[in-house]
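Novice: Quick check, what structure comes out for this input:
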Amino acid sequence: MIVRLLLAALAAGLIAGMAMTPAQYVKIVPLILQAETYEGGGHDHGAAEAVSSTTAAGSETPEVTATAGQDHDANDHTHDEGDESMLGLGRLGDTVLANLVAGAGFALMLAAVALIAGIEFPAGRDGLMRGLLLGAGAWFCVQLAPSFGLPPAVPGFPHADLADRQGWWMVTVGASALGLWLVALRPEWVARALGLVLIAAPHVWGAPVPDDISSDVPAYLASAYAAASLATTLFFWLLLGGLLGHFLSRVPAEQRA
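Specialist: This next block holds a predicted model:
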C-alpha cells in the first residue's frame, strides 16, 4: 500500500509539475518581464520575490516553498533562456526542474493529508471528483487564503520583511487547513464554527505590511499578475488532486484497507 501510495503521488506530482511550466510561460513570465522594466537597476531581487507567488504554492507564498521545494515553484520568474541559470540548465530547464520537485513534494503532502483525514477514493468518477475537491481545498489553503493578506507580487513591488511574511504565511496555511477540515469533514456545528474562526483569525490579526508602499509598477500590472498567479496555481492544484484521486482509486480495495 505504501509503495502504491508513493508511486501514485509521485506520478501525479510529476505530471502536474510538468504541465505547470507552459502555463507559467503563457500567463506569468510575460507579466514578470514587463514588471522588470520598472525596477530600474537589475532584476535579481525581483526575480527572487516573484518565485514565491506562482508555483504550486501561489499567493505570495514567500520563498518558503521555493526554498523548500510555494511559490512554491521557484519558477514564475523564469525569464528567457539567455539569463543566468542557477543549475546550468537554462531558465527553462531550471523552471521545469523546480516545478517537478515542487509537484512531487506537494503530491506527497496531499496524499498524506488524504490518509490522515481518512479520505477514500472509490474507483471511477467518484474517486476523480474527490481528488479534485482535495486539490481545490489545498489551493484554498496554500494559495487563495494567504493571498488575501499577501497577494502574489511582481518584481519591483514593495514587500514587508521576508521572515515576517514567511511566518504569517505558514500560520495562515496551517490555520486554513485545520479550519477547512473542521468545516468540511466534521458534523458538529461547534467544530464548523471553530473552523471558520480559524480561517479568519490570521486575517483579523493582519499580514505584515512594508514600511514604504510606493512603487513604480503600474497597479494594473500588479493586479494582472496576482490574478494570473492564482489562476495558474488553481490549474496546478486541480490537476494534481484529480490525478492523485484517479491513481489512488486504482489501488485495490483490500490494499487500501
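Novice: Show me the strands in the stretch 51-200 of the chain, by range?
Specialist: Counting by DSSP state E, counting those that start in this stretch, no segments of the stretch 51-200 of the chain form strands.
Novice: mind checking pLDDT for residue 3?
Specialist: Note on residue 3: pLDDT of 79.
Novice: ok, now residue 116?
Specialist: 85.
Novice: who's in contact with it?
Specialist: With contact set as Cβ atoms under 8 Å, 6 or more residues apart in numbering, residue 116 has no partners. Quick note: C-beta positions are derived from backbone N, CA and C, even for glycine.
Novice: what's the spacing between it and residue 15?
Specialist: Using Cβ to Cβ, to the nearest Å, residue 116 is found at 23 Å from residue 15.
Novice: what do you get for residue 247?
Specialist: From residue 247 across to residue 15, the span is 10 Å (Cβ to Cβ).
Novice: between those two, who's got more neighbours?
Specialist: Counting neighbours by other Cβ atoms under 10 Å for residue 247 and for residue 15 shows that residue 247 has the greater number, 23 against 18.
Novice: Surely that one touches residue 12?
Specialist: Yes - between residue 247 and residue 12 a contact is recorded at 5.8 Å, counting by Cβ atoms under 8 Å.
Novice: Just the C-alpha atoms of stretch 13-32, please, in PDB.
Specialist: Output of stretch 13-32 as PDB, limited to C-alpha atoms (Å, rounded to 0.1, in the frame of the first residue of the first chain):
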ATOM      1  CA  GLY A  13       3.100  15.400  -8.900                       C
ATOM      2  CA  LEU A  14       5.500  15.000 -11.800                       C
ATOM      3  CA  ILE A  15       2.700  15.200 -14.400                       C
ATOM      4  CA  ALA A  16       1.200  18.300 -12.700                       C
ATOM      5  CA  GLY A  17       4.600  19.900 -12.300                       C
ATOM      6  CA  MET A  18       5.400  19.400 -15.900                       C
ATOM      7  CA  ALA A  19       2.100  20.800 -17.000                       C
ATOM      8  CA  MET A  20       2.700  23.900 -14.800                       C
ATOM      9  CA  THR A  21       5.600  25.100 -16.800                       C
ATOM     10  CA  PRO A  22       3.800  26.000 -20.100                       C
ATOM     11  CA  ALA A  23       1.000  27.600 -18.000                       C
ATOM     12  CA  GLN A  24       3.600  29.800 -16.300                       C
ATOM     13  CA  TYR A  25       5.300  30.800 -19.600                       C
ATOM     14  CA  VAL A  26       2.000  31.800 -21.100                       C
ATOM     15  CA  LYS A  27       0.400  33.700 -18.200                       C
ATOM     16  CA  ILE A  28       3.200  34.600 -15.700                       C
ATOM     17  CA  VAL A  29       6.500  35.200 -17.400                       C
ATOM     18  CA  PRO A  30       5.300  38.000 -19.800                       C
ATOM     19  CA  LEU A  31       4.000  39.900 -16.800                       C
ATOM     20  CA  ILE A  32       7.300  39.500 -14.900                       C
END
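Novice: can you give me how far that stretch is from the chain middle?
Specialist: For stretch 13-32, the separation from the chain centroid amounts to 12 Å (computed by Cα atoms, centre = their mean, to the nearest Å).
Novice: Quick check: buried residues in it?
Specialist: 13-17, 19-21, 23-25, 27-29, 31-32 (16 or more other Cβ atoms under 10 Å).
Novice: For residue 210, state which of those is nearest.
Specialist: residue 32 (19.4 Å; Cβ to Cβ).
Novice: distance of the closest one from residue 202?
Specialist: 27 Å.
Novice: Kindly report the same for residue 242.
Specialist: 28 Å.
Novice: And for residue 95?
Specialist: From residue 95 over to residue 202 (counting by Cβ to Cβ), the distance is 30 Å.
Novice: neighbour-wise, which of those two wins?
Specialist: Counted by other Cβ under 10 Å, residue 95 and residue 202 do not tie: residue 95 has more neighbours, with 26 against 23.
Novice: Name the helix or strand of this structure that has the lowest mean pLDDT.
Specialist: Within the chain, no helix or strand scores below helix 64-68, which has a mean of 34 by mean pLDDT, DSSP states H and E.
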